[in-house]
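> curious how this folds, go ahead:
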Amino acid sequence: MDILNAIIQGIVQGLTEFLPVSSSGHLNITQHITGMQEDNLFFSVMLHIGTLAAVVAVYFKLILKLLKAFGLMVKDIFTGKFKWSKMDNERNMVMMIIIGLLPLFLLFIPVPGTDMKIKDLADMFSKSGYFIVVGVSLMITSTLLFIGDLKNKHTTKMYKDKGIVKDGGAGRKKYTVFDALTVGITQCFAALLPGVSRSGSTLAASELRGINKQAALDYSFILGTPAIVAAAVLEGKDALFPDDGKAVTVEFLPVIVGMIVSAVVGFFAIKLFKWLLKTDRMYVFIIYTGVVGLAVFIISLIELSNGVNLFSGNPLVF
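Numbers count the residues shown, from 1 in each chain. Okay, here's the model as predicted:
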């Protein structure tokens, strides 16, 4: 991989990992159009670590508070002082993040009749023959964002009618167990389909549960942090120790450049997302994902009828 390709994929990863447009879907589109079917799993892992650095940079203070709250909560549990009903906002978020991560174990359930696990479906859908899945998934993202935004506007109106809207906006700021499980299951769904945005779908799920939109976005990003770490560890193991036993060649300069680009772009992407959500401009993402999804859907129908990639001319791979 050369430096230019590393920069391009770093920009795509940094922008789409956090904006509600799906990073996996856009990387799939980029590779489908350019023909750069990147098989370098190690590079992909490093891009995710770059975006993880962006989350830590934006939410550094909140992450420190949550780590402190977690430590004190563990201490209280072992000393018998912990009381569920008396959890403050930080402890509530810590507990709800733990509960929200539990559904991820569903991804490791074997698929009957195959040697795959549910999580392996994501790799299958990323092949060129399943390009139509990306189009459908992006349209699903658009629909989820639209429904979530509509629900948030309804929640805001309801709060205004009651005269209880605060500076932070309308909606609950504390999650319940059901809220966390709902968002966690939604995150699993997003992990399977390239084109379904993790941040967008989990945000929409929280809004549908009546959660304050800014609190929902913060929860979505923090919830994604352990998931990114876990994915990096699992994929990193596969990247460095492949099953075929072949030695892994690492081009350090493109990897470092890609990481830095994804981290910097990711940082500003999070800031942009928070601003657009605060100023009620989610329609930008609703329209974008809908239009791109429809375009990909139409292109994939043509490709399926011809049996070849329209951009590279290569036969479709299933």
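> assess the claim that residue 316 and residue 309 are in contact.
Yes: the criterion here is C-beta atoms under 8 Å, and residue 316 meets it with residue 309 at 6.4 Å. Yep, even glycine has a C-beta here, placed from its N, CA and C like the rest.
> residue nearest the centroid of this protein?
Nearest to the geometric centre of the chain sits residue 198, at 3.1 Å (C-alpha atoms, centre = their mean).
> follow-up on the earlier one: quick check: neighbours shared by residue 316 and residue 309?
Jointly contacting residue 316 and residue 309 under the rule C-beta atoms under 8 Å, 6 or more residues apart in numbering are 128, 303.
> higher neighbour count, these two?
residue 309 (20 against 16; other C-beta atoms under 10 Å).
> distance of the residue nearest to the more buried one when sequence neighbours are not counted from residue 118?
In space, and not counting its chain neighbours, residue 309 is closest to residue 128: 5.6 Å by C-beta to C-beta, 6 or more residues apart in numbering. When distance is defined by C-beta to C-beta, to the nearest Å, residue 128 is 22 Å away from residue 118.
> tell me which of the two has more neighbours.
More neighbours surround residue 128 than the other of residue 128 and residue 118, with 21 against 15 (other C-beta under 10 Å).
> mind listing what that one touches?
Counted by C-beta under 8 Å, 6+ apart, residue 128 has contacts 32, 37, 303, 309, 314, 316-317.
> and the least confident of those residues?
In terms of pLDDT, the lowest of the contacts of residue 128 is residue 37, showing 61.
> residues contacting the closest residue in space to residue 109 that isn't next to it in sequence?
Using C-beta to C-beta, 6+ apart and skipping the chain neighbours, the partner closest in space to residue 109 is residue 118 (5.2 Å). Counting by C-beta under 8 Å, 6+ apart, residue 118 touches 106-111, 192.
> count of residues packed around residue 86?
If you count neighbours by other C-beta under 10 Å, residue 86 ends up with 9.
> re earlier: look up how far residue 300 lies from the residue nearest to residue 309.
For residue 128, the distance to residue 300 (C-beta to C-beta) stands at 9 Å.
> tell me how far the residue nearest to residue 309 lies from residue 34.
12 Å.
> give me the secondary structure label for the closest residue to residue 223 other than its chain neighbours.
Nearest residue to residue 223, sequence neighbours excluded (C-beta to C-beta, 6+ apart): residue 100, at 5.1 Å. Three-state call for residue 100 (DSSP: H, G, I helix; E, B strand; the rest coil): helix.
> ok, now which ones touch residue 100?
Neighbouring residues of residue 100 by C-beta under 8 Å, 6+ apart: 175, 180-181, 183-184, 187, 219, 223.
> need those in a markdown table (columns: pLDDT, neighbour count and secondary structure).
Formatted as a markdown table, the contacts of residue 100 follow (pLDDT from 0 to 100; neighbours: other C-beta atoms under 10 Å; DSSP: H, G, I helix; E, B strand; the rest coil):
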| residue | pLDDT | neighbour count | secondary structure |
| --- | --- | --- | --- |
| 175 | 96 | 24 | coil |
| 180 | 97 | 25 | helix |
| 181 | 97 | 16 | helix |
| 183 | 97 | 28 | helix |
| 184 | 96 | 25 | helix |
| 187 | 94 | 24 | helix |
| 219 | 96 | 24 | helix |
| 223 | 93 | 24 | helix |
